[in-house]
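>>> predicted model follows, preceded by the sequence.
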Amino acid sequence: MITITLITRGRKTRFLSHKEGDKTGAKRTNKLINMQKQVIHTHLSTAIHTERELAFFWGKILEEGLIELGPERRESVTADIESQPTLDKAIKRLSVIIDKERKYSLEETGRFLKITKEKLYCEKLKNYDFINLCNEDRKINWLWCYIRKNSKKWVSLLRYKEPQKGIITEQFIPKTLVLDDRYLKEKRPNTTEEKRKQIENCLIFSPSSEEEEKMLSNHFKNEWLKNSKRNEMIKWLDGCRYNQLIWAYAYIRKKEEIAYTWTPSSNEDIKTVIVAFYDLTPENDKKQFIDRFRRTWNTKKHRNKKRGNTLEIENKVLDKLDRLAEETQSTPQDVIKKLINTMDWDEILDILESE
């Protein structure tokens, strides 16, 4: 006897034989199995980018009992994964093994893999000493720019040798900076916290070994120490008016290094960009740069006075003028020109006479 199954879809009704019903059920089962495999593979492929990370996942899977294998089986499966010709194939092989051998549901397995990924990321960030590497705004801005400027260039990684007779020795090792600056993207506004998150991702997804991560952290700290005590640019900027900031930003834009900073979105951001640029300037060039910078600005002021372009304005009025210039993204001179050109002449006279 043939069993007939009635299936209703909207207004259409059709009959399936028992054999057709079995085929439909089998397709659904296969689709579900494939989805399960895809979920596991997605978790692994988004977290694993190097052989070291693959070994980390495999170790945690065995250590924490996601799958249980006897000694011989464990050895043969490990060899099977390691013998794959490419990392992608090794990840696919690991996905299949987890799907077949897992002790938990798909949901629990996904949660396990997600937690393992977070453990891996935490371990890498500890190697970089990320907490101390990104613990202040100025340092974060400098590091963000430093990586963008030096990505894929030669730098001197720093290794601290084991103490001998209580003396720690330093060893500088020339290596290419393998961090991928594609993780460091300019956003508007490009806040310090956003830069911090981008640096975190940049470090997490580097292909460096554990030892290289520690040496790179030492390198960053050592480079930063050269900058942290230099505050000449900050002192100069503290007393700046808006027109000085505009001039200073235009001045450094002529330099190639400005390409590694970001586009400022406010007066304070202009200051931050200028400081980051100064921090990126090599230690041996800093004094020469700040001397030339000050000298150029003083020359510009002197020329303006000789041409009679300097207008003495009391601080209270100048503050309002600076604010107008900032909000309209223009210079104080442009603000004055626009106000005079757009107002009626009689209206200007009325305002002046009313004072």
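Yep, that arrived. Numbering: from 1, shown residues only.
>>> quick one: low-confidence parts of this protein?
Across the chain, the ranges flagged by pLDDT under 70 are 1-37, 164-165, 302, 304-315, 343-355.
>>> spatially speaking, which residue is in the middle of it?
Centroid-nearest residue in the chain, with CA atoms, centre = their mean: Gln198, separated by 1.6 Å.
>>> ok, that one - contacts?
When contacts are counted by CB atoms under 8 Å, 6 or more residues apart in numbering, Gln198 is found next to 144, 183-185. The C-beta positions use only the backbone N, C-alpha and C, and glycine is treated the same way.
>>> so which of those residues is the most crowded?
Neighbours were tallied for each of the contacts of Gln198 (criterion: other CB atoms under 10 Å), and the maximum of 26 neighbours falls on Trp144.
>>> for that one, which non-adjacent residue is spatially closest?
The spatially closest residue to Trp144, leaving aside those adjacent along the chain, is Lys195, at 4.4 Å (CB to CB, 6 or more residues apart in numbering).
>>> next, the contact list for that neighbour, please.
Taking CB under 8 Å, 6+ apart as the definition of contact, the neighbours of Lys195 are 140-141, 144, 184.
>>> at 7 Å what do you get?
Residues counted as contacts of Lys195 (CB atoms under 7 Å, 6 or more residues apart in numbering) are 140-141, 144.
>>> now it: which helix or strand?
If you go by DSSP states H and E, Lys195 is part of helix 192-204.
>>> same thing with Leu158?
Of the helices and strands defined by DSSP H and E, Leu158 is found in strand 154-160.
>>> C-terminal to that strand, what's the next element?
Toward the C-terminal end, the helix or strand that comes next after strand 154-160 (DSSP H and E) is strand 170-176.
>>> which strands or helices does that next one pack on?
Counting contacts by 3 or more CB pairs under 7 Å, 6 or more residues apart in numbering; DSSP states H and E, strand 170-176 packs against strand 154-160.
>>> surely Asn150 is in contact with Thr176?
No - using CB atoms under 7 Å, Asn150 makes no contact with Thr176, being 9.6 Å away.
>>> of those two, who's got more company?
Asn150 (17 against 12).
>>> what about Ile252, distance to Lys149?
Plainly put, Ile252 is 14 Å away from Lys149 if you go by CB to CB, to the nearest Å.
>>> and Lys197, by the same measure?
As for Lys197, its distance to Lys149 is 20 Å (criterion: CB to CB).
>>> next: Asn243.
Taking CB to CB as the measure, Asn243 and Lys149 are separated by 29 Å.
>>> Leu94 and Ala47, how far apart?
Per CB to CB, Leu94 is found 11 Å from Ala47.
>>> which one is Gly209 nearest to, not counting chain neighbours?
Careful, residue 209 is Ser and not Gly. For Ser209, ignoring the flanking residues on the chain, the nearest one in space by CB to CB, 6+ apart is Arg52 at 6.5 Å.
>>> just to be sure, the one you found is in a helix?
Yes - secondary structure of Arg52, determined by DSSP: H, G, I helix; E, B strand; the rest coil: located in a helix.
>>> which stretches in this structure count as strands?
Using DSSP state E, the strands assigned to the chain run over residues 4-9, 12-17, 154-160, 170-176.
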